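Undergrad: Dropping the sequence and predicted coords here.
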There are 6 protein chains.
Amino acid sequence: MPYINIRVTDEGVTKEQKRKLIEGATQLVVDVLNKNPETTHVIIDEVNTDNWGVLGQQTTELRKLESNEK
Amino acid sequence: MPYINIRVTDEGVTKEQKRKLIEGATQLVVDVLNKNPETTHVIIDEVNTDNWGVLGQQTTELRKLESNEK
Amino acid sequence: MPYINIRVTDEGVTKEQKRKLIEGATQLVVDVLNKNPETTHVIIDEVNTDNWGVLGQQTTELRKLESNEK
Amino acid sequence: MPYINIRVTDEGVTKEQKRKLIEGATQLVVDVLNKNPETTHVIIDEVNTDNWGVLGQQTTELRKLESNEK
Amino acid sequence: MPYINIRVTDEGVTKEQKRKLIEGATQLVVDVLNKNPETTHVIIDEVNTDNWGVLGQQTTELRKLESNEK
Amino acid sequence: MPYINIRVTDEGVTKEQKRKLIEGATQLVVDVLNKNPETTHVIIDEVNTDNWGVLGQQTTELRKLESNEK
C-alpha cells in the first residue's frame, strides 16, 4: 500500500505527462516490491517557481540565469 | 501537538465540509490522545483529479469509467 | 480517495490508540465527504520530542517546564 | 541534502518574502549542519485559510474573531 | 527539480529494493519531464504496519486476515 | 501559523543542532512573515542514508564515492 508524492515545479506539465508519471510510479512499486496497484496512490504536486528554491535562490531566478547563459 | 494533513481530490469540497473535517480531526486527537486543541493543526490539501492516481490511472479517467458503469 | 497523515510526538502512543485514530479518521471522511474506506489511507508518524518544536523550543524542554509548573 | 517544506496560510505572501524564506532556510542548514546549498531544496506551500484549522476552527473564522477583538 | 517521497510499510524492504526504487523514480522524471537527476531527490519512508491503515483498519490486522484466508 | 518540516539524512544530528534548527526556523518566519511563535511548529525528520537518493543513487553510496575522492 504505497503512497507516492511527486513534487515538481509548475512549468507546463501536461495531462499526458501526469498520466505517465502515475503509470510509471505505480509500475515501479509493483515491479520492485510486488505491491498491489489497487492500494497504490500517486499524488503530483505542482509548485510555483517562486515557491521552490535551491542554492538559496528561487527557481524563477535560476531559470533566468540559465536562459542568459545560453 | 498533532499535525494532521488531509489530502482529498478537489471535487467540490465546500467550506462547511472543510469546517467539519477540521473540527472532527481535532476532536479525534483530543478524545484518543488527550491532546490540546490549541496546538493541533489540521491542513486540507485539495488535489486536482489529473494529479491523483490509483490503480496506475488518473482519477479523472476513473471517474469517467465509474460514470459509464451506471 | 483521501490520504490522511497524522503526526504526533512519540510519547507512548499505544497500538489501541493508533487503531482508534485510524478508525476515527476514516469514519470522518466517510461521514463528511462520503468517501470510500477502501481507498482511504491513514498514516501515523511518531516524532521524537527532540525533533518537534513549538514556540521555538524542543518539546523535550517544554515538557520539563510543564512538569516544573505543577 | 536537506529538504525543507514551509507551509503557511495564503495571506498575501510576497515574492520578496518567499525569497527571504528560501535564503534564510538554506542558510540555516548550512550554518547548523554544514550542508551543501546545491542539494538543499526549500518548498513553500500557501494554504487557503478555509483549509487550515487550529483550535478546531478554520483560520478564516479565527481571523474574524481576532479582528472583532480589536 | 523534483522531490519524490515514497511511503511504504516496513515489511522487510531490502537495501537493493530501495536502490531500485531510487533509480527507477529518478529515471521516471528524467524520461517523462526531462528533469536533471542532480536536482532529483527521492526519499523512502518505511511505516510500521500498526501505523498504516486502510479500510479503517491497521495493516497489521489486515495482514492477519489475508493470512487466514489462504 | 506556519508548519515547517526539515528533512535531513540521519548522519549524527545532535540534540543541540536540532535545537538550533527549531529556534532558527521559528525566528525566520517571525522575522519575514511576522508570524506568532506560539502557532509555529517545526518537525525534523531524520532519514536513513539508504532511503535518500539523489542522482539516482543512495546517499550511502554517494558518501563512499566522496570518501574515496579524498
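TA: Received, thanks.

Undergrad: ok, longest helix in chain A?
TA: The residue-count maximum for a helix in chain A (DSSP state H) belongs to helix A:15-33.

Undergrad: Let's see that helix as PDB, backbone CA atoms only.
TA: The C-alpha trace of helix A:15-33 is given here as PDB (Å, rounded to 0.1, in the frame of the first residue of the first chain):
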ATOM      1  CA  LYS A  15      -2.100  15.800 -18.600                       C
ATOM      2  CA  GLU A  16      -0.300  13.200 -20.600                       C
ATOM      3  CA  GLN A  17       2.900  13.600 -18.700                       C
ATOM      4  CA  LYS A  18       1.000  13.300 -15.400                       C
ATOM      5  CA  ARG A  19      -0.600  10.100 -16.700                       C
ATOM      6  CA  LYS A  20       2.900   8.700 -17.500                       C
ATOM      7  CA  LEU A  21       4.200   9.700 -14.000                       C
ATOM      8  CA  ILE A  22       1.200   8.000 -12.300                       C
ATOM      9  CA  GLU A  23       1.500   4.900 -14.500                       C
ATOM     10  CA  GLY A  24       5.300   4.700 -14.200                       C
ATOM     11  CA  ALA A  25       5.400   5.200 -10.400                       C
ATOM     12  CA  THR A  26       2.700   2.600  -9.800                       C
ATOM     13  CA  GLN A  27       4.500   0.100 -12.100                       C
ATOM     14  CA  LEU A  28       7.800   0.800 -10.200                       C
ATOM     15  CA  VAL A  29       6.400  -0.400  -6.800                       C
ATOM     16  CA  VAL A  30       4.600  -3.300  -8.400                       C
ATOM     17  CA  ASP A  31       7.900  -4.400 -10.100                       C
ATOM     18  CA  VAL A  32      10.300  -3.800  -7.200                       C
ATOM     19  CA  LEU A  33       8.100  -4.500  -4.100                       C
END
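
Undergrad: So which other helices or strands are in contact with it?
TA: The elements that helix A:15-33 packs onto, with contact taken as 3 or more CB pairs under 8 Å, 6 or more residues apart in numbering or on different chains; DSSP states H and E, are strand A:3-9, strand A:41-47, strand B:52-54, strand B:57-58, strand E:3-9, helix E:15-33. All C-beta atoms are positioned from the backbone trio N, CA, C, and that covers glycine.

Undergrad: out of these, which comes closest to D:Glu46?
TA: D:Glu46 sits nearest to strand A:41-47 of all the helices and strands packed on helix A:15-33, at 10.1 Å, using CB to CB.

Undergrad: now for that closest one, which elements pack on it?
TA: Against strand A:41-47 (3+ CB pairs under 8 Å, 6+ apart) you get strand A:3-9, helix A:15-33, strand B:52-54.

Undergrad: Direction included, what does it pair up with?
TA: Sheet pairing of strand A:41-47 (DSSP bridges) gives strand A:3-9 (parallel), strand B:52-54 (antiparallel).

Undergrad: quick one: contacts for the closest residue to A:Glu11 other than its chain neighbours?
TA: Spatial nearest neighbour of A:Glu11, excluding adjacent residues (CB to CB, 6 or more residues apart in numbering or on different chains): A:Thr49 at 6.8 Å. Neighbouring residues of A:Thr49 by CB atoms under 8 Å, 6 or more residues apart in numbering or on different chains: A:Thr9, A:Asp10, A:Glu11, A:Gln58, A:Thr59, A:Thr60, A:Arg63.

Undergrad: Out of those, the closest to chain B would be?
TA: Chain B has its nearest neighbour among the contacts of A:Thr49 in A:Asp10, at 10.8 Å by CB to the nearest CB.

Undergrad: Any chance of the backbone angles for that closest one?
TA: phi -90, psi 60 (degrees, to the nearest 10).

Undergrad: how near is it to D:Ile43?
TA: 12 Å (CB to CB, to the nearest Å).

Undergrad: who has more neighbours, the two?
TA: D:Ile43 (23 against 13; other CB atoms under 10 Å in any protein chain shown).

Undergrad: got the contact list for that one?
TA: A:Arg7, A:Val47, A:Asn51, A:Trp52, A:Gly53, D:Tyr3, D:Ile4, D:Asn5, D:Ile6, E:Tyr3.

Undergrad: Over to A:Gln17?
TA: If you count contacts by CB under 8 Å, 6+ apart, then A:Gln17 has E:Val32, E:Leu33 around it.

Undergrad: what pLDDT does it get?
TA: Note on A:Gln17: pLDDT of 98.

Undergrad: ok, it to E:Lys64 distance?
TA: 40 Å.

Undergrad: What of A:Gly53?
TA: 46 Å.

Undergrad: what does A:Asp10 give?
TA: Counting by CB to CB, the gap from A:Asp10 to E:Lys64 is 43 Å.

Undergrad: Least confident secondary structure element in chain A?
TA: In chain A, the helix or strand scored least confidently by mean pLDDT, DSSP states H and E is helix A:59-69, which has a mean of 91.

Undergrad: how about that helix, does it reach chain E?
TA: Yes: using CB under 8 Å from any CB of the partner chain, helix A:59-69 reaches chain E at A:Thr59.

Undergrad: What pLDDT is listed against the nearest residue to A:Ile22 once chain neighbours are set aside?
TA: Excluding the flanking residues, the one nearest A:Ile22 by CB to CB, 6+ apart is B:Gly53, at 3.2 Å. Per-residue pLDDT puts B:Gly53 at 98.

Undergrad: next one: A:Lys70
TA: With respect to pLDDT, A:Lys70 has a value of 68.
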